[in-house]
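**Q** I'd like to go over a predicted model; first the sequence, then the structure.
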Amino acid sequence: MFQTIGVCGTGNMGRAIVKGLVAAHAIAADHIYLYNIHKEKAEALAKETGAVVVDTPEELARQSQGLIMAVKPNLMELALEAVRESLPADSVLISIAAGISLEKLAFYTGPETKIVRVMPNTPAKVGEAMIAVCRNKNVTEEAFATAMKIFAAVGQAEEIEERLMDCVIGVSGSSPAYTYMYIEALVQAAKANGMSGEKAKIFAAQSVLGAAKMVLESPESLEQLRINVCSPKGTTIEAVETLFANGFTDKVKEGFQAAVDRSIEMT
(Lines give C-alpha, C1' and ligand atoms only; values in the text may rest on other atoms or scores of the structure.)
Protein backbone atom coordinates (compact mmCIF):
# COMPACT_ATOMS: atom_id res chain seq x y z
CA MET A 1 0.00 0.00 0.00
CA PHE A 2 1.00 3.61 -0.41
CA GLN A 3 2.39 4.97 2.85
CA THR A 4 0.93 8.40 2.08
CA ILE A 5 -1.93 9.58 -0.08
CA GLY A 6 -2.61 13.11 -1.24
CA VAL A 7 -6.02 14.33 -2.35
CA CYS A 8 -6.16 17.48 -4.45
CA GLY A 9 -9.75 18.69 -4.31
CA THR A 10 -12.26 18.01 -1.55
CA GLY A 11 -15.56 18.24 -3.37
CA ASN A 12 -18.15 15.47 -3.40
CA MET A 13 -15.92 12.77 -4.84
CA GLY A 14 -12.77 13.75 -2.99
CA ARG A 15 -14.72 13.76 0.27
CA ALA A 16 -16.29 10.38 -0.52
CA ILE A 17 -12.92 8.78 -1.22
CA VAL A 18 -11.26 10.18 1.90
CA LYS A 19 -14.17 9.19 4.13
CA GLY A 20 -14.26 5.74 2.57
CA LEU A 21 -10.53 5.17 3.04
CA VAL A 22 -10.68 6.26 6.67
CA ALA A 23 -13.78 4.19 7.41
CA ALA A 24 -12.17 1.11 5.85
CA HIS A 25 -8.92 1.69 7.77
CA ALA A 26 -7.13 1.41 4.43
CA ILE A 27 -4.52 3.94 5.52
CA ALA A 28 -3.93 5.95 8.68
CA ALA A 29 -5.92 9.18 8.56
CA ASP A 30 -2.87 11.27 9.39
CA HIS A 31 -1.14 9.83 6.32
CA ILE A 32 -3.80 11.35 4.08
CA TYR A 33 -2.98 14.89 2.96
CA LEU A 34 -5.56 17.33 1.64
CA TYR A 35 -5.38 20.43 -0.48
CA ASN A 36 -8.18 22.66 -1.69
CA ILE A 37 -7.85 26.15 -3.11
CA HIS A 38 -10.63 27.01 -0.65
CA LYS A 39 -8.75 25.94 2.46
CA GLU A 40 -11.80 25.96 4.71
CA LYS A 41 -13.27 23.06 2.71
CA ALA A 42 -10.17 20.94 3.24
CA GLU A 43 -10.12 21.90 6.91
CA ALA A 44 -13.75 20.83 7.34
CA LEU A 45 -12.97 17.40 5.87
CA ALA A 46 -9.83 17.11 8.00
CA LYS A 47 -11.87 17.84 11.10
CA GLU A 48 -14.28 15.02 10.21
CA THR A 49 -11.65 12.44 9.30
CA GLY A 50 -8.33 13.27 10.95
CA ALA A 51 -6.58 13.87 7.64
CA VAL A 52 -3.92 16.58 7.35
CA VAL A 53 -4.33 19.85 5.45
CA VAL A 54 -1.40 21.30 3.51
CA ASP A 55 -1.05 24.87 2.30
CA THR A 56 0.07 24.42 -1.30
CA PRO A 57 -0.34 21.91 -4.14
CA GLU A 58 3.46 21.64 -4.30
CA GLU A 59 3.61 20.50 -0.68
CA LEU A 60 0.79 18.04 -1.34
CA ALA A 61 2.71 16.50 -4.25
CA ARG A 62 5.93 16.18 -2.24
CA GLN A 63 4.10 14.33 0.55
CA SER A 64 2.23 11.85 -1.64
CA GLN A 65 3.21 8.40 -2.84
CA GLY A 66 -0.23 8.27 -4.43
CA LEU A 67 -1.64 11.63 -5.51
CA ILE A 68 -5.37 11.60 -6.23
CA MET A 69 -6.43 14.50 -8.45
CA ALA A 70 -10.07 15.04 -7.51
CA VAL A 71 -10.63 18.37 -9.22
CA LYS A 72 -13.21 19.18 -11.87
CA PRO A 73 -12.15 18.39 -15.45
CA ASN A 74 -12.06 22.07 -16.47
CA LEU A 75 -9.58 22.77 -13.65
CA MET A 76 -7.35 19.74 -14.20
CA GLU A 77 -4.75 21.38 -16.44
CA LEU A 78 -4.07 24.16 -13.94
CA ALA A 79 -3.99 21.71 -11.05
CA LEU A 80 -1.49 19.46 -12.82
CA GLU A 81 0.73 22.40 -13.66
CA ALA A 82 0.85 23.20 -9.95
CA VAL A 83 1.96 19.71 -8.85
CA ARG A 84 3.99 18.27 -11.71
CA GLU A 85 7.37 19.71 -10.74
CA SER A 86 7.02 18.58 -7.12
CA LEU A 87 5.74 15.03 -7.67
CA PRO A 88 8.45 12.49 -6.73
CA ALA A 89 9.60 10.25 -9.57
CA ASP A 90 8.33 7.10 -7.85
CA SER A 91 4.90 8.54 -7.02
CA VAL A 92 1.73 7.62 -8.89
CA LEU A 93 -0.63 10.28 -10.18
CA ILE A 94 -4.27 9.15 -9.97
CA SER A 95 -6.92 11.10 -11.88
CA ILE A 96 -10.65 10.73 -11.28
CA ALA A 97 -11.61 13.39 -13.86
CA ALA A 98 -14.14 12.37 -16.49
CA GLY A 99 -13.13 12.82 -20.10
CA ILE A 100 -9.38 13.33 -19.60
CA SER A 101 -7.35 10.54 -21.17
CA LEU A 102 -4.10 9.01 -20.00
CA GLU A 103 -2.44 10.58 -23.03
CA LYS A 104 -3.65 14.06 -22.12
CA LEU A 105 -2.67 13.62 -18.48
CA ALA A 106 0.83 12.64 -19.59
CA PHE A 107 0.96 15.67 -21.91
CA TYR A 108 0.31 17.92 -18.90
CA THR A 109 2.73 16.18 -16.53
CA GLY A 110 5.49 14.63 -18.66
CA PRO A 111 6.05 11.36 -20.54
CA GLU A 112 7.65 9.56 -17.59
CA THR A 113 4.83 10.18 -15.12
CA LYS A 114 3.19 7.11 -13.66
CA ILE A 115 -0.52 7.64 -14.22
CA VAL A 116 -3.61 5.73 -13.14
CA ARG A 117 -6.98 6.84 -14.42
CA VAL A 118 -9.98 6.03 -12.26
CA MET A 119 -13.72 6.44 -12.62
CA PRO A 120 -15.35 5.99 -9.19
CA ASN A 121 -18.81 6.91 -8.02
CA THR A 122 -20.07 8.59 -4.87
CA PRO A 123 -21.13 5.41 -3.00
CA ALA A 124 -17.42 5.31 -2.09
CA LYS A 125 -18.59 7.28 0.93
CA VAL A 126 -20.35 4.18 2.29
CA GLY A 127 -17.81 1.64 1.00
CA GLU A 128 -19.93 0.54 -1.97
CA ALA A 129 -18.39 2.32 -4.95
CA MET A 130 -17.99 0.79 -8.39
CA ILE A 131 -14.60 1.86 -9.66
CA ALA A 132 -13.05 1.41 -13.11
CA VAL A 133 -9.26 1.61 -13.27
CA CYS A 134 -6.72 1.78 -16.09
CA ARG A 135 -3.06 2.83 -16.29
CA ASN A 136 -0.30 3.98 -18.59
CA LYS A 137 2.78 1.93 -19.44
CA ASN A 138 4.90 3.59 -16.74
CA VAL A 139 2.92 2.08 -13.86
CA THR A 140 4.48 -1.12 -12.56
CA GLU A 141 2.43 -4.15 -11.58
CA GLU A 142 3.27 -3.51 -7.93
CA ALA A 143 2.22 0.15 -8.04
CA PHE A 144 -0.96 -0.72 -9.92
CA ALA A 145 -1.83 -3.43 -7.40
CA THR A 146 -1.43 -0.83 -4.66
CA ALA A 147 -3.73 1.61 -6.45
CA MET A 148 -6.31 -1.16 -6.88
CA LYS A 149 -6.16 -1.98 -3.16
CA ILE A 150 -6.77 1.67 -2.28
CA PHE A 151 -9.95 1.81 -4.32
CA ALA A 152 -11.07 -1.70 -3.41
CA ALA A 153 -11.17 -0.38 0.16
CA VAL A 154 -14.11 1.85 -0.79
CA GLY A 155 -16.01 -0.56 -3.03
CA GLN A 156 -15.33 -2.84 -5.96
CA ALA A 157 -12.49 -1.97 -8.33
CA GLU A 158 -12.08 -3.48 -11.79
CA GLU A 159 -9.35 -2.94 -14.37
CA ILE A 160 -10.69 -2.06 -17.80
CA GLU A 161 -9.37 -0.92 -21.17
CA GLU A 162 -9.27 2.86 -21.36
CA ARG A 163 -11.49 2.83 -24.46
CA LEU A 164 -14.37 1.73 -22.18
CA MET A 165 -14.11 4.69 -19.79
CA ASP A 166 -16.87 6.64 -21.54
CA CYS A 167 -19.14 3.60 -21.22
CA VAL A 168 -18.24 3.31 -17.53
CA ILE A 169 -19.43 6.86 -16.96
CA GLY A 170 -22.87 5.92 -18.27
CA VAL A 171 -23.23 2.57 -16.53
CA SER A 172 -21.73 3.34 -13.11
CA GLY A 173 -20.11 6.77 -12.81
CA SER A 174 -23.37 8.66 -13.31
CA SER A 175 -25.88 5.92 -12.59
CA PRO A 176 -26.27 6.51 -8.84
CA ALA A 177 -28.12 9.68 -9.83
CA TYR A 178 -30.55 7.68 -11.99
CA THR A 179 -31.08 5.27 -9.11
CA TYR A 180 -31.82 8.09 -6.68
CA MET A 181 -34.40 9.38 -9.16
CA TYR A 182 -36.03 5.94 -9.26
CA ILE A 183 -36.12 5.68 -5.46
CA GLU A 184 -37.47 9.23 -5.21
CA ALA A 185 -40.28 8.38 -7.61
CA LEU A 186 -41.21 5.32 -5.53
CA VAL A 187 -41.18 7.42 -2.36
CA GLN A 188 -43.39 10.08 -3.92
CA ALA A 189 -45.87 7.44 -5.09
CA ALA A 190 -45.92 5.76 -1.67
CA LYS A 191 -46.55 9.10 0.04
CA ALA A 192 -49.45 9.72 -2.34
CA ASN A 193 -50.86 6.41 -1.12
CA GLY A 194 -50.62 7.33 2.55
CA MET A 195 -47.18 6.13 3.68
CA SER A 196 -44.84 8.51 5.51
CA GLY A 197 -41.85 9.74 3.53
CA GLU A 198 -39.33 8.27 5.96
CA LYS A 199 -40.98 4.85 5.95
CA ALA A 200 -41.31 4.91 2.15
CA LYS A 201 -37.62 5.70 1.78
CA ILE A 202 -36.70 2.63 3.84
CA PHE A 203 -39.01 0.33 1.87
CA ALA A 204 -37.85 1.63 -1.51
CA ALA A 205 -34.13 1.80 -0.77
CA GLN A 206 -33.95 -1.62 0.89
CA SER A 207 -35.81 -3.15 -2.07
CA VAL A 208 -33.28 -1.64 -4.48
CA LEU A 209 -30.42 -2.88 -2.29
CA GLY A 210 -31.87 -6.38 -2.16
CA ALA A 211 -32.56 -6.50 -5.88
CA ALA A 212 -28.97 -5.39 -6.62
CA LYS A 213 -27.62 -8.10 -4.34
CA MET A 214 -29.76 -10.67 -6.15
CA VAL A 215 -28.28 -9.53 -9.47
CA LEU A 216 -24.72 -9.93 -8.16
CA GLU A 217 -25.26 -13.28 -6.42
CA SER A 218 -27.84 -15.13 -8.50
CA PRO A 219 -26.79 -17.26 -11.49
CA GLU A 220 -30.04 -16.33 -13.24
CA SER A 221 -30.25 -13.71 -15.96
CA LEU A 222 -31.70 -10.26 -15.35
CA GLU A 223 -34.67 -11.19 -17.52
CA GLN A 224 -35.33 -14.33 -15.50
CA LEU A 225 -35.02 -12.48 -12.21
CA ARG A 226 -37.68 -10.07 -13.44
CA ILE A 227 -39.94 -12.89 -14.64
CA ASN A 228 -39.61 -14.63 -11.27
CA VAL A 229 -41.28 -11.67 -9.55
CA CYS A 230 -44.13 -11.40 -12.07
CA SER A 231 -47.04 -13.72 -11.32
CA PRO A 232 -49.58 -13.98 -14.19
CA LYS A 233 -52.31 -11.35 -13.81
CA GLY A 234 -50.66 -10.20 -10.58
CA THR A 235 -49.58 -6.80 -9.28
CA THR A 236 -45.97 -6.83 -10.45
CA ILE A 237 -46.69 -7.78 -14.07
CA GLU A 238 -49.23 -4.95 -14.16
CA ALA A 239 -46.55 -2.47 -13.04
CA VAL A 240 -43.89 -3.90 -15.38
CA GLU A 241 -46.15 -3.78 -18.43
CA THR A 242 -47.07 -0.19 -17.61
CA LEU A 243 -43.40 0.78 -17.32
CA PHE A 244 -42.59 -0.94 -20.62
CA ALA A 245 -45.54 0.76 -22.32
CA ASN A 246 -44.32 4.15 -21.12
CA GLY A 247 -40.80 3.65 -22.45
CA PHE A 248 -39.04 3.02 -19.14
CA THR A 249 -36.22 0.94 -20.63
CA ASP A 250 -35.65 3.24 -23.59
CA LYS A 251 -35.58 6.34 -21.36
CA VAL A 252 -32.93 4.79 -19.12
CA LYS A 253 -30.86 3.93 -22.21
CA GLU A 254 -31.24 7.48 -23.50
CA GLY A 255 -30.00 8.91 -20.20
CA PHE A 256 -27.07 6.49 -20.21
CA GLN A 257 -26.14 7.49 -23.76
CA ALA A 258 -26.38 11.20 -22.96
CA ALA A 259 -23.78 10.74 -20.21
CA VAL A 260 -21.52 8.73 -22.55
CA ASP A 261 -21.85 11.27 -25.37
CA ARG A 262 -20.98 14.11 -23.00
CA SER A 263 -17.91 12.23 -21.81
CA ILE A 264 -16.78 11.76 -25.41
CA GLU A 265 -17.26 15.50 -26.06
CA MET A 266 -15.05 16.31 -23.06
CA THR A 267 -12.19 14.08 -24.22
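**A** Ah, there it is. From a predicted model like this one, the values you see are computed outputs, not experimental measurements.

**Q** please, where are all the strands along the stretch 151-267 of the chain?
**A** Assigned by DSSP state E, counting those that start in this stretch, the stretch 151-267 of the chain shows strands spanning 155-159.

**Q** quick one: the helices in it, in order.
**A** Along the stretch 151-267 of the chain, counting by DSSP state H, counting those that start in this stretch, helices occupy 165-168, 175-192, 197-217, 222-229, 235-245, 248-266.

**Q** so how far is I5 from T56?
**A** T56 sits 17 Å away from I5, going by Cβ to Cβ, to the nearest Å. Using the backbone N, CA and C atoms, a C-beta is placed for each residue, glycine as well.

**Q** just G194 next, same as before
**A** For G194 relative to I5 (Cβ to Cβ), the value is 49 Å.

**Q** of these two, which one has the most company?
**A** I5 (26 against 7; other Cβ atoms under 10 Å).

**Q** give me the pLDDT value at the residue of the chain most remote from its centre.
**A** Centroid-distance maximum for the chain: K233 at 40.1 Å, with Cα atoms, centre = their mean. The per-residue pLDDT reported for K233 equals 93.

**Q** highest mean neighbour count across the helices of the stretch 151-267 of the chain, which stretch is it?
**A** Per-stretch averages of neighbours, counted by mean count of other Cβ atoms under 10 Å, single out helix 165-168 among the helices of the stretch 151-267 of the chain, with a mean of 23.

**Q** elements contacting that one?
**A** strand 114-119, strand 129-135, helix 248-266 (3 or more Cβ pairs under 8 Å, 6 or more residues apart in numbering; DSSP states H and E).

**Q** what would the ones you listed look like in JSON lines with distance to L34 and mean pLDDT?
**A** Converted to JSON lines, those look like this (distance: least, Cβ to Cβ, whole Å; pLDDT from 0 to 100):
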{"stretch": "strand 114-119", "distance to L34": "18", "mean pLDDT": "96"}
{"stretch": "strand 129-135", "distance to L34": "19", "mean pLDDT": "96"}
{"stretch": "helix 248-266", "distance to L34": "26", "mean pLDDT": "94"}
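
**Q** distance to N74 for these - can I get that in TSV?
**A** What follows is the helices and strands packed on helix 165-168, written out as TSV (distance: least, Cβ to Cβ, whole Å):
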stretch	distance to N74
strand 114-119	17
strand 129-135	21
helix 248-266	9
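
**Q** would you tell me which of these gets closest to A200?
**A** For A200, the closest of the helices and strands packed on helix 165-168 is helix 248-266, at 19.9 Å, according to Cβ to Cβ.
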